[in-house]
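>>> Okay, structure incoming, though there's no sequence with it:
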Ligand SMILES: Cc1cc2nc3c(=O)[nH]c(=O)nc-3n(C[C@H](O)[C@H](O)[C@H](O)COP(=O)(O)O)c2cc1C
């Protein structure tokens with residue numbers, strides 16, 4: 001391995017779930033835009049992107065979300081706080097939008113572009129709503145993973161979060177009326193020097209215990 005590979009891995013070793021952010025730190029507009037693009041570039045099954053991301057800028061809403069997240073400090077002290085909310089692909093416009101974009105960007109007749117999504121919708125209609133919501137929720141974690149890794153490489157600190165009461169998040173963000181459910185959140189910023197978690201040893205099983213060669 002060359003040294004750059006070691007340096008990359010070191011960035012992943014150095015990231016940790018940040019509990020306490022420096023509340024004075026503000027991400028630059030460029031970093032924020034890049035993070036949002038990482039979110040958008042995240043691949044999803046069938047390319048449907050079956051979720052919405054809510055970038056919470058309003059301090060009053062952040063304070064309400066914090067209450068609903070066990071008062072976790074990350075919600076208000078991070079520079080960026082994003083909530084990912086999934087929905088039912090048969091109820092939302094996402095598959096139609098996908099077909100529209102395929103037609104326009106790949107220069108394909110709309111009917112042909114829609115055939116792919118029609119097949120998908122037919123398959124999904126055989127499943128329960130709970131299954132479809134679970135399917136969509138799984139996709140949000142791909143975005144979460146992508147964001148965590150990207151932040152590590154940018155040497156930004158982050159905390160993945162599902163320690164909140166989803167029903168309360170849904171109420172605060174008026175998600176229910178839109179057929180959405182909050183799944184997971186991410187706080188991004190710079191660690192506070194007072195955050196004790198940064199000094200904790202990383203806990204991971206040895207690689208040969210985690211990975212079996214078959
Ligand atoms: C999906 C998910 C949800 C998490 N929710 C929370 C949370 O609500 N609050 C928190 O402090 N940490 C949360 N964590 C952080 C994990 O506890 C942490 O990532 C794990 O212990 C590994 O430690 P490390 O991230 O520091 O390497 C969450 C992590 C993941 C992946």
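Okay, I see it. Note that the structure is a prediction, hence the values are computed from the model and not measured.

>>> What's the biggest helix in this protein, counting residues?
When the chain is parsed with DSSP state H, its longest helix is helix 129-154.

>>> tell me which residues in it are buried?
Buried positions in helix 129-154, judged by neighbour count with 16 or more other CB atoms under 10 Å: 132-133, 135-137, 139-140, 143-144, 147-148, 150-152, 154. (Each C-beta comes from the backbone N, C-alpha and C, glycine too.)

>>> Quick check, central residue of this structure?
With distances taken as CA atoms, centre = their mean, residue 144 lies nearest the centre of the chain, 3.3 Å away.

>>> Tell me which residues touch it, please.
Shown in contact with residue 144 (CB atoms under 8 Å, 6 or more residues apart in numbering): 84, 160, 184, 186.

>>> Isn't the third one up against residue 84?
Yes. In this structure, residue 184 sits in contact with residue 84. The criterion is CB atoms under 8 Å, and the distance is 5.3 Å.

>>> Look at the two and report which has more neighbours.
Counted by other CB atoms under 10 Å, residue 184 and residue 84 do not tie: residue 84 has more neighbours, with 24 against 21.

>>> Can you tell me what sits against stretch 36-54?
For stretch 36-54, contacts defined as CB under 8 Å, 6+ apart pick out 55, 82-87, 89, 92, 94-95, 98, 117, 120, 135-136, 138-140, 142-143, 146-147, 150, 173, 178, 180, 183.

>>> can you pull the contacts of residue 8?
Taking CB under 8 Å, 6+ apart, we find residue 8 in contact with residue 153.

>>> Mind telling me what element it is part of?
Using DSSP states H and E, residue 8 sits in helix 3-14.

>>> what distance separates that helix from the middle of the whole chain?
Taking CA atoms, centre = their mean, to the nearest Å, one finds the center of helix 3-14 at 23 Å from the center of the full chain.

>>> could you give the angle of it to helix 129-154?
Helix 3-14 runs at 120 degrees relative to helix 129-154, counting by axes from the mean of the first three to the mean of the last three CA atoms, to 10 degrees.

>>> buried residues in the helix or strand that helix 3-14 is followed by?
Next along the chain after helix 3-14, taking DSSP H and E as the criterion, comes helix 29-41. Neighbour counts over helix 29-41 (16+ other CB under 10 Å) mark 31, 35, 38-39 as buried.

>>> re the thing from before, now, among the buried residues of helix 129-154, which is nearest to the ligand?
Taking CB to the nearest ligand atom as the measure, the ligand lies nearest residue 144 of these, at 6.3 Å.

>>> number of nearby residues for residue 127?
Residue 127 - counted by other CB under 10 Å - has 13 other residues nearby.

>>> how near is it to residue 118?
Using CB to CB, to the nearest Å, we find residue 127 at a distance of 16 Å from residue 118.

>>> Now render the buried residues of helix 29-41 as a markdown table, adding pLDDT and distance to the ligand.
Below are the buried residues of helix 29-41 laid out as a markdown table (pLDDT from 0 to 100; distance: CB to the nearest ligand atom, whole Å):
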| residue | pLDDT | distance to the ligand |
| --- | --- | --- |
| 31 | 98 | 20 |
| 35 | 98 | 17 |
| 38 | 98 | 17 |
| 39 | 98 | 16 |
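
>>> for the residues you listed, which one is nearest residue 63?
Closest to residue 63 out of the buried residues of helix 29-41 is residue 35 (22.3 Å), distances taken as CB to CB.

>>> I appreciate the help and will end here.
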